[in-house]
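> Test case, fold it:
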Amino acid sequence: MGYLLLAGAIAAEVAGTTAMKYSEGFSRLLPSLLTALGYLVSFALLAQTLRTLSVGTAYAIWSGVGTAAIATIGVAFMGEGMTVTKAAGIALIIVGVVVLNLGGAH
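Numbers count the residues shown, from 1 in each chain. Prediction:
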């Protein structure tokens, strides 16, 4: 159940961050409200996740997967460029999360 809650927390954080891009510095009401809602839901689910997962593992997965997802969304849907350095950074984030889980950090 912890990993399911964590997946929801990641999805809410990614949605909130994506909405933030469209809020134009919080000058547009609906994207600004969606940003706040996304982060509120994300933190609430992350807090519930910490009942069953260790804080280090949960936070590493939440931040790492969220960062990789937002970087990928930026490239795929927002016209951001992909460089070898950016691709390597995303890959390292993913590898780091996998290594944490394989290392039994939960």
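
> From now on I want contacts and neighbour counts done on CA atoms only, so please keep to that.
OK.

> What distance do you get for the nearest residue to residue 51 once chain neighbours are set aside to residue 56?
Using Cα to Cα, 6 or more residues apart in numbering and skipping residues adjacent in sequence, the residue nearest residue 51 is residue 2, 7.7 Å away. The gap separating residue 2 from residue 56 is 14 Å, by Cα to Cα, to the nearest Å.

> Residue 86 too?
In this view, residue 86 and residue 56 are 25 Å apart by Cα to Cα.

> likewise residue 101?
11 Å.

> Then residue 72?
According to Cα to Cα, residue 72 stands 24 Å off from residue 56.

> How about residue 16?
Taken as Cα to Cα, the span from residue 16 to residue 56 is 22 Å.

> ok, the two, which is more surrounded?
Ranked by neighbour count (other Cα atoms under 10 Å), residue 16 and residue 56 place residue 16 first, with 23 against 13.

> doesn't residue 37 make contact with that one?
Yes - here residue 16 reaches residue 37: they are 7.0 Å apart, a contact under Cα atoms under 8 Å.

> Report all helices and strands that the lowest-mean-pLDDT helix or strand in the chain contacts.
Lowest on mean pLDDT, DSSP states H and E among the helices and strands of the chain sits helix 84-102, with a mean of 86. Where contact means 3 or more Cα pairs under 8 Å, 6 or more residues apart in numbering; DSSP states H and E, helix 84-102 is packed against helix 55-77.

> residues contacting the residue nearest the centre of the chain?
The residue lying closest to the centre of the chain (Cα atoms, centre = their mean) is residue 66, at 1.8 Å. Applying Cα atoms under 8 Å, 6 or more residues apart in numbering to residue 66 gives the contacts 10, 11, 13, 14.

> go again using 6 Å as the cut-off
Listed by Cα atoms under 6 Å, 6 or more residues apart in numbering, the contact set of residue 66 reads 10, 14.

> Can you tell me how far it is from residue 20?
According to Cα to Cα, residue 66 and residue 20 sit 14 Å apart.
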